[in-house]
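Asker: What shape does this take:
(one chain, ligands or ions: 1)
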Amino acid sequence: MLIETFMRKQLGLKAHAVTKVEETERYLIIHIDRRGGRLLRCGVCRQRCRKVHSVRKAREWRDLSMRKLPMKLRYRPRRVECPRCGLRVEDFPWAEPWARVTTTLSNAVARLAQELSWQGTARQYGLNWKSVATIVKRAVEYGLRHRARPPVHVIGIDEVSRRKGQVYLTVVYDLERRVLLWVGDGRTEEAVEPFFTKEMGRRRCQTLRVVCMDMWAAYANLVREYATNAQILFDRFHIVKHLNETVDAVRRELWRQLTAKERSTFKGTRWLLLKNPWNLTGDQKERLSTLVRWNAPIVRAYYLKEAFQLFWGYKQPKRAKDHLEKWMRSAMSSRLEPFKKFVRTLRTHLDGILSWTTQRVSNGAVEGMNNKIKSISHRSFGFRTAENFIAAIYHCCARLPLPIER
Ligand SMILES: [Zn+2]
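Answerer: Numbers count the residues shown, from 1 in each chain. Prediction:
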């Protein structure tokens, strides 16, 4: 078999033929031309067109390498007269209309970019960083246009930070399919609104049953406005995180109140707890009792935290509510300011917290995805623009389809 025929079959060409395979020092160039009078297709709607209007100047497309030599396709595109679209550039079976690389190469690059940084991917394929960025962004655009949109019932809204907590993005997951649905720049109500209005739309919002989110978040109103059938559920992982922060606040408060001298006593006395009481000297006994007295608020905070956690085990809404009410009363009388603050927040979010008893879902299901986003940010030394970071997140977490290789 001639190399030209072999290449034509490899490229899956029907209306085009390979006229020559040229080997230069740096490239293997595949020259392509029209094959007889076969009909070409419109580049927009792919309809077969009878009339060729004109022949344009030659264009090149990078392809996968053949052994060591990078391969290029060279062809003079035709402009066709499409009955539907008018004058258009023809459809290329080997590439998307806009692309300067073949679909086979861009898909290979896109797949590698899900595992490596854009820099690393570029190095592997001998491309520059910008080309990889373009390929990924185009792949994401294509994927978003062509992805399946089954009805969504349970979603989790969360935030991720870019550049060490200075800039925030909001991410929305389908918690049933464990897939990323949407990423938005910012974490305000206005930033998240397009998810409901554009990505979902009024009609698709109606199937939403549960929306899982942080009680500190700004978008509860959006859920009430657009997802009228959905129950808000304040995320278990976030509540536990805030609870831990509350315990921490008690500890920090206490530390602040101690004088420098007392702090040094505190630091040097932890070993006292490990000693047998009957081996302690009078002085040590006194220091230990001071230590225990100082620690009392921390111990109270700790018990409160542990007692709260029982809430997650209740299956009956009534019992869960009773437990929470009792807990809030004891926290309010704990004389621990951070806990009082925590209770006030719980009070205003009670319904969404109690939803847990009937809807046992949490953003913990997609914890791995959040970690993945962190690693994407790290391996690229933090993306400089939100646009690039958003594209990379979609690319790695949304399970988008890649363009079909024909
Ligand atoms: Zn057309």
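
Asker: Let me know the secondary structure of the residue of the stretch 251-400 of the chain found nearest the ion.
Answerer: Across the stretch 251-400 of the chain, the shortest distance to the ion (C-beta to the ion) belongs to Leu400, at 25.6 Å. Glycine gets a C-beta too; all of them are placed from N, C-alpha and C. State at Leu400, reduced to three classes by DSSP: H, G, I helix; E, B strand; the rest coil: coil.

Asker: Around it, count how many other residues there are.
Answerer: Applying other C-beta atoms under 10 Å, we find 20 other residues in the vicinity of Leu400.

Asker: can I assume it is in contact with Arg138?
Answerer: No. Look at Leu400 against Arg138 with C-beta atoms under 8 Å: they stay out of range, at 11.5 Å.

Asker: shared neighbours of those two, which are they?
Answerer: Residues within reach of Leu400 and of Arg138 at once, by C-beta atoms under 8 Å, 6 or more residues apart in numbering: there are none.

Asker: And the closest residue in space to Met66 that isn't next to it in sequence, its phi and psi?
Answerer: Across the structure, with C-beta to C-beta, 6 or more residues apart in numbering as the measure, the residue nearest Met66 apart from its sequence neighbours is Leu28 (5.1 Å). Main-chain torsions, Leu28, degrees, to the nearest 10: phi -110, psi 120.

Asker: Just list the residues touching Leu28, thanks.
Answerer: Leu28 makes contact with 21-22, 66, 69-72, according to C-beta under 8 Å, 6+ apart.

Asker: Now the buried members of these.
Answerer: Using 16 or more other C-beta atoms under 10 Å as the burial test, those include 21, 70-72 as buried.

Asker: got those as a markdown table, with pLDDT columns?
Answerer: Output for those, formatted as a markdown table (pLDDT from 0 to 100):
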| residue | pLDDT |
| --- | --- |
| Val21 | 94 |
| Pro70 | 90 |
| Met71 | 94 |
| Lys72 | 95 |
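
Asker: May I ask which two of those residues are separated the most?
Answerer: The most widely separated members of the buried ones among the contacts of Leu28 are Val21 and Pro70, with 13.8 Å between them, by C-beta to C-beta.

Asker: roughly how far apart are His16 and the ion?
Answerer: When distance is defined by C-beta to the ion, to the nearest Å, His16 is 18 Å away from the ion.

Asker: any idea how far that residue lies from Gln359?
Answerer: Relative to Gln359, His16 is positioned 56 Å away (C-beta to C-beta, to the nearest Å).

Asker: And for Gly156?
Answerer: With the distance defined as C-beta to C-beta, Gly156 ends up 12 Å from Gln359.

Asker: returning to what we had before: show me which of the contacts of Leu28 neighbour the ion.
Answerer: Counting by C-beta under 5 Å from the ion, the subset of those that neighbours the ion is empty.

Asker: Identify, from these, the entry nearest to the ion.
Answerer: Closest approach to the ion among the contacts of Leu28 (C-beta to the ion): Lys72, at 27.6 Å.

Asker: In three-state terms, how would that closest one be classified?
Answerer: The local conformation at Lys72, judged by three-state DSSP, is strand.

Asker: show me the contacts for it.
Answerer: Lys72 makes contact with 27-30, 60-63 under the criterion C-beta under 8 Å, 6+ apart.

Asker: For Val250, state which of those residues is nearest.
Answerer: Distance to Val250, by C-beta to C-beta, is smallest for Arg62 among the contacts of Lys72, at 60.8 Å.

Asker: how deep is that closest one tucked in, by neighbour count?
Answerer: Neighbour count of Arg62, defined by other C-beta under 10 Å: 22.

Asker: and if you look at Tyr173?
Answerer: Applying other C-beta under 10 Å, I find that Tyr173 has 25 neighbouring residues.

Asker: and the nearest residue to Arg162 once chain neighbours are set aside, what element?
Answerer: Counting by C-beta to C-beta, 6+ apart, the nearest residue to Arg162 once its immediate chain neighbours are dropped is Phe389, at 5.5 Å. Taking DSSP states H and E as the definition, one finds Phe389 inside helix 386-397.

Asker: residues contacting Ala15?
Answerer: Taking C-beta under 8 Å, 6+ apart, we find Ala15 in contact with 34-35, 38-41, 93.
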